[in-house]
Every structure is written in C-alpha cells, then in structure tokens.
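Enquirer: Kindly generate the corresponding structure for this input.
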Amino acid sequence: MSEFIRLQLKLKWGFNRNNSKKNAIMTAAAALLASAVALALVYGLAFVLDSTIEVTAKRLSVLFLTILMLGLTVAATGMQINRLYRPGDLNITARFPLSPFKVFVSCLILNYINLSIYSTVLFVPVMLVFGWAMKCITFVYGTGIILGIIFMPLIPFGLSVFLAIPIMYVNSLLKRNDVARLIIFIVVLAGLFALYYYILTSLAQFFIHKNWEEGTLGVWLTLLNWLDGYFNPAYYLGNIVFFENFGIGLAGVLGISSVLIVGGVAVARLVYRSIRTRELDGGGTAGKRKSELDGFGSGRAILKHTFLDILHTKAYSYFYLGVAISTPVMVFFCNRLVSMVGEAQMGSGINFGAATLVVSVFMALIGSFAATTLSVEGKNFYITKIIPVSYRKQLVLKGVINAAVSFGALLVSIIVMAALKFIDAAEIAVLLSSQTLFSIGLVFNGININLANPNLKPKANGEAEEINITYMLMIGLLIAAAFGMCGILMPRATANGNLYAYLINIGAALVYAVINFLVFWFTANKKYRKIEG
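Expert: This is a model prediction of the structure:
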C-alpha cells in the first residue's frame, strides 16, 4: 500500500522529464502572477478593515480563514470524487495486488496529503501577508502559523468526505443535461464576481474618500461579528493561531474534524464498493451519446462536432462558454469600478478608455481558448488527418466557433453599455469594429500557437490541461492593456485625442488580425502535415 501511495505522489508531484522547461516557466509565472494579485487583495482588505473598524487581529483573521477553508473544502471534495469514486485509472489500479479496502484507504491518505500541500501553500503566504498588514508578526504569531499548518486541512478534509457523495449524486442527475450544469456554473460565477466587485469597490471607496460610508461600514462590521462565532469552524482555528481561548480552539478543531472524518469515512466505505463494482462492470461507459452528424455536410458537421466537444468537456464549457455568457454582467461591474477609480484620479471623460480596457480583457479571456483548437482532439487527432476536408478549412471552421462566441459576448456587452449610456454612438461603432478585429486576431494567433505546440497527449478525463491557454492569455492581456491605456491617456495628450484613440485602436486591431491571418494562411497546411497524432 505504501508503494502505491508513493507512486501516486510521484505521478502528481514528481518531475517529469518530458515536460517542456518553457511550459514549466510559463506555468510558474502565471501562478506567481495570480498569487501576487490575491495576496495584494488580502493585504489591502486587511489594511483597510484595520484602519476603519475597531476590531482585533484575531477576529479579522477569521474572515480570511473562512475563505481559505471554503476554498480547500471545494478542492478536497473534487479530489474525493475524482480519485475515490471516478478515477480515470480504475481499470489499471484494480489489477494491482491490493484489496479494494486498501485502495480505498490509500486514496483517502493520498487526498489528505495532497490537501495538506495545497493548504500549506495557501495558508502560509496569506497569514504572513495578513500579519504584515496588521503589524502583528511576532514569535507567538509565527508559532500559531505553524500550528495552523497542522490543523488547517482537518475540517475541510472531513467536510469533503461527507459532501462528495451528495454532490456526486446531484451531478449524476444533471449528467445528461449539460445546459443545466452550465447555467448553474454561470449563476455561481456571476455571484462570485459580484462579490469580488463589491470588495474591490469597497477598497476603492476607502482609498478615494479616505473613509467608508455608513452603510459599507455596517456591512463589514456585521459580517466580521457574525463569522467570529461558535458555528464557524474557522473561529476555532483562529483561536489556535492567535492563542486566544486556545483550549476551546483545539477542542473545537479536533472534535469537529473527528466527527466528520469518522462519520464520513464510514458512509464513504459503504458507497465506495458499489460504485467501484459498477465502474469496473462498464457502468462508467454507459449512456454515451450516439453520433448525430449523419447527413451533415462537411462544414456543418465540423462546426457541430467542435461545439459539442466544447459543451461536453467541463473545462471548456465552464471556463469558455461560461465566461463568455457571463461577460456582459462582468463588463457592467468592471466598467463601473474602472470609471469610478479613473474619474477620481483623472477626471471625467474616460468612459471609452475604461470600456475598451474591460472589453479587451474579456475578449482575451475568451479568445485564449483558440489555442486549444488542435489539442482538444487529443488521441482522436488522427481522424482529422484522414477526413476529406483540407487542414486549413478544418482549422478555419473551428476558429469560426471561437470567433462567434467572442462576437456574441462582445455584442451583448456593448448593448448593455449603450443602454446605460456609458458610451455614445461613435464609441459604440469604434469599440465594436476594433474588438471584432481583435477577437479575430486572437483566434488566428491561438491557432498558430497550437500548430507550433499541438500538445496531443491524453489528458485526464478529456479535460483541458493547456499551457497554450496561458501563452495566449498573457499575449491577449498585454494587448488589452495597451488598448485600454491608449483609450484613457490619448484624449489627454492632444487636442484631437479621441479621434487618434479611435484610429489607433482600430488600426492596431486590424494589423494584429491581418498579420496572424497571413501567418496562418501560408503556414497552416505545412505545420499540420508535420504533426503526428
């Protein structure tokens, strides 16, 4: 059993010689950038709350500990479902010289070890930044962080063992209804973004006005008082970290986690055997959709196949279609935030620049998935080389799906901004034309990147594990920042700044689209032929 655990840990965390150093560097850079943004938000929120509300460091820490526990519980629940109940390698592990019970115990241990690693990576930086913002870093606080590393994973792990079964059951009910699952994801995503917007708006309000309004102050004070109570597991962990009511904190964490883990494991063991048997007997492959492409023309068949690939693959449907459909809502919130901060710092008249910046960022988010045009085929890529459709035509048709999704999100976003009178008629025309060209450029740029790095290796559960998305996203965000800065700063640089900003945005987007299209047109067939599926 120990060898099985060691092997699984090596596969998860070990160095793979086949991995590209460039890919590893890009992944690390993206992770560091995301971490820096998150930690900056932690510092800013802790600093502002400490400056505005009379509250102890321990009480304030419970807010961040609660968020960490929620995030770890979600991650742990996903691990329980994927490794315990729906492992992609079940047919292999079932042939190992291990009894089902030992496999069950090994998977639980593996999940706990992985969760402990994630917990440490998240907990330590957050608490150090929090301590820096609160000016409470002492030897005692450092000792508390070490204890927090030990106790933080216990409750999320126990919750995940309990939650995995009902969540898996609900997911099975929705398994054949991809649209319903997508709608649920969009609602959750929009809700989280609205919460994120509220936090950023609160911070912006403080730094602009050097204080909070009475309503905002009351909301945060009520929230902190509510979270710092016996019902919240993070309350007990906060007691341990700050050595306040340490005995109550230790008893609370150990008591809650023991009940959850013992009870959850007892229930999970009963369910595990039946699910394992059903999966091995072929239940995991039952109910596959039959092809509905018979009688379609080649172009229409490729378009529908591409769309169904996106819809039936969670990573693509959620973070591609989900983000695209949510874009108008997020554009609305972002425009209000950017314009509020911009007007406070630079005066009125920045609406076009703010709208350009926000819309460009979301076009980059959606367009980055064009870098998976080939990779999404995975092990079935060889089929694309033998069907009677030219390689270039296949790529163009697949790119049309991405461009159509981007254009739909763009059109609805602009309608929302126009209805709110955020931009005028001329700005609508400029934004629509420049961002349409930008999204087309993103599509061909993504295809070109994927042709250079096809990455057709089998992926777990058919999901997207694409460094190409990271490449494309960084390129898109840099261009989006340039568009936005041009729209914000150019009107203040010259008398005819608005006109120049319009022309530069359209011209730059046109050049970007044309260059990437020409590279695609003259190199696509040659690069495609060299790829081995």
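Enquirer: contacts, neighbours, all on C-alpha from now
Expert: Fine.
Enquirer: low-scoring pLDDT stretches of the stretch 301-450 of the chain, where are they?
Expert: Flagging of the stretch 301-450 of the chain using pLDDT under 70 yields the residue ranges 306-321, 338-349.
Enquirer: residue ranges for the helices of it, please.
Expert: Ranges of helices in the stretch 301-450 of the chain, per DSSP state H, counting those that start in this stretch, are 314-316, 323-346, 351-367, 381-384, 391-419, 425-452.
Enquirer: between these, which gets nearest to Ser116?
Expert: helix 314-316 (24.6 Å; Cα to Cα).
Enquirer: quick one on the thing from earlier: for Leu115, find the nearest of the helices of the stretch 301-450 of the chain.
Expert: Of the helices of the stretch 301-450 of the chain, nearest to Leu115 by Cα to Cα is helix 314-316, at 21.2 Å.
Enquirer: centre of the chain versus the strand or helix carrying Ala266, how much separation?
Expert: Under the criterion of DSSP states H and E, Ala266 resides in helix 246-280. Relative to the chain's own centre, helix 246-280 is displaced by 28 Å; criterion: Cα atoms, centre = their mean, to the nearest Å.
Enquirer: With respect to Phe193, which of the helices of the stretch 301-450 of the chain lies nearest?
Expert: Phe193 sits nearest to helix 323-346 of all those, at 6.9 Å, using Cα to Cα.
Enquirer: which residues does Met485 contact?
Expert: By Cα atoms under 8 Å, 6 or more residues apart in numbering, Met485 lies in contact with 353, 357.
Enquirer: how near is it to Tyr512?
Expert: Taking Cα to Cα, to the nearest Å as the measure, Met485 falls 17 Å from Tyr512.
Enquirer: what does Met79 give?
Expert: Distance, Met79 to Tyr512, using Cα to Cα: 41 Å.
Enquirer: And for Val519?
Expert: 11 Å.
Enquirer: so what pLDDT did Asp518 get?
Expert: Actually, residue 518 is Leu. It isn't Asp. Leu518 carries a pLDDT value of 96.
Enquirer: Report how many residues lie close to it.
Expert: Using other Cα atoms under 10 Å, Leu518 is surrounded by 12 other residues.
Enquirer: going forward, begin numbering at 53 instead of 1
Expert: Yes, from this point I'll number from 53; that puts the last item at Leu570.
Enquirer: What separation is there between it and Gly493?
Expert: Taking Cα to Cα as the measure, Leu570 falls 10 Å from Gly493.
Enquirer: Flag the helix or strand of this protein with the lowest per-element mean pLDDT.
Expert: When each helix and strand of the chain is scored by mean pLDDT, DSSP states H and E, helix 366-368 comes last, with a mean of 61.
Enquirer: got the buried residues for the helix holding Ala318?
Expert: Going by neighbour count (16 or more other Cα atoms under 10 Å), the buried part of helix 298-332 is 298, 301-302, 304-305, 308-309, 312-313, 316-317, 320, 324, 327-328, 331.
Enquirer: same check, this time on stretch 113-133
Expert: Buried residues in stretch 113-133 (16+ other Cα under 10 Å): 113-118, 120-121, 124-133.
Enquirer: Next: stretch 235-246.
Expert: For stretch 235-246, burial by neighbour count (16+ other Cα under 10 Å) applies to 237-238, 241-242, 245-246.
Enquirer: Switch these over to CSV; also include pLDDT and distance to Phe99.
Expert: Putting the buried residues of stretch 235-246 into CSV (pLDDT from 0 to 100; distance: Cα to Cα, whole Å) gives the following:
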residue, pLDDT, distance to Phe99
Phe237, 75, 32
Ile238, 76, 32
Leu241, 76, 27
Ala242, 77, 27
Phe245, 74, 22
Ala246, 77, 22
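Enquirer: so can I have JSON lines of these showing secondary structure?
Expert: Converted to JSON lines, the buried residues of stretch 235-246 look like this (DSSP: H, G, I helix; E, B strand; the rest coil):
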{"residue": "Phe237", "secondary structure": "helix"}
{"residue": "Ile238", "secondary structure": "helix"}
{"residue": "Leu241", "secondary structure": "helix"}
{"residue": "Ala242", "secondary structure": "helix"}
{"residue": "Phe245", "secondary structure": "helix"}
{"residue": "Ala246", "secondary structure": "helix"}
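Enquirer: one step back: so what sits against both of Leu570 and Gly493?
Expert: When contacts are counted by Cα under 8 Å, 6+ apart, the set common to Leu570 and Gly493 is empty.
Enquirer: Could I get the full set of helices for the stretch 53-202 of the chain?
Expert: 54-65, 73-104, 109-131, 142-145, 152-186, 191-203.
Enquirer: closest one to Asp280 among these?
Expert: Asp280 lies closest, by Cα to Cα, to one member of these: helix 109-131, at 6.0 Å.
Enquirer: Which stretch among the helices of the stretch 353-502 of the chain is buried most, on average?
Expert: helix 403-419 (a mean of 26; mean count of other Cα atoms under 10 Å).
Enquirer: Next, the angle helix 443-471 makes with that helix.
Expert: Taking axes from the mean of the first three to the mean of the last three Cα atoms, to 10 degrees, one finds helix 403-419 and helix 443-471 inclined to each other by 150 degrees.
Enquirer: who touches helix 403-419?
Expert: For helix 403-419, using Cα under 8 Å, 6+ apart, the contacting residues are 372, 375-376, 379, 383, 386-387, 390-391, 454-455, 457-458, 462, 465, 474-475, 479, 483, 487, 490-491, 494-495, 498, 524-525, 528-529, 532-533, 535-541.
Enquirer: Report the angle between that helix and helix 477-504.
Expert: Using the same axes, to 10 degrees: helix 403-419 against helix 477-504 is 30 degrees.
Enquirer: Return helix 403-419 as CSV; C-alpha atoms alone will do.
Expert: Only the C-alpha atoms of helix 403-419 are listed here, as CSV (Å, rounded to 0.1, in the frame of the first residue of the first chain):
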residue,chain,number,x,y,z
ASN,A,403,-15.6,56.0,-20.3
PHE,A,404,-14.4,55.0,-23.7
GLY,A,405,-10.9,54.0,-22.4
ALA,A,406,-12.4,52.2,-19.5
ALA,A,407,-14.9,50.3,-21.7
THR,A,408,-12.1,49.4,-24.2
LEU,A,409,-9.8,48.1,-21.4
VAL,A,410,-12.6,46.0,-19.8
VAL,A,411,-14.0,44.6,-23.0
SER,A,412,-10.5,43.8,-24.4
VAL,A,413,-9.6,41.9,-21.2
PHE,A,414,-12.7,39.7,-21.6
MET,A,415,-12.1,39.2,-25.3
ALA,A,416,-8.6,38.0,-24.3
LEU,A,417,-10.1,35.6,-21.8
ILE,A,418,-12.5,34.1,-24.3
GLY,A,419,-10.0,34.1,-27.2
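Enquirer: Just give me the neighbour total for the closest residue to Ser485 other than its chain neighbours.
Expert: Distances taken as Cα to Cα, 6 or more residues apart in numbering place Ile558 nearest to Ser485, at 6.9 Å, with adjacent residues excluded. By the criterion of other Cα under 10 Å, Ile558 has 22 neighbours.
Enquirer: just Leu61 next, same as before
Expert: Residue neighbour count, defined by other Cα under 10 Å, stands at 15 for Leu61.
Enquirer: For the nearest residue to Pro380 once chain neighbours are set aside, give me its contacts.
Expert: Nearest residue to Pro380, sequence neighbours excluded (Cα to Cα, 6+ apart): Ser465, at 4.3 Å. Neighbouring residues of Ser465 by Cα under 8 Å, 6+ apart: 379-381, 383-384, 411.
Enquirer: Turn those residues into TSV, columns for distance to Met204.
Expert: Output for the contacts of Ser465, formatted as TSV (distance: Cα to Cα, whole Å):
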residue	distance to Met204
Thr379	35
Pro380	37
Val381	35
Val383	36
Phe384	37
Val411	39
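Enquirer: any idea how far Pro205 is from Ser465?
Expert: 41 Å.
Enquirer: I should have written Leu275 there, sorry.
Expert: Leu275 sits 33 Å away from Ser465, going by Cα to Cα.
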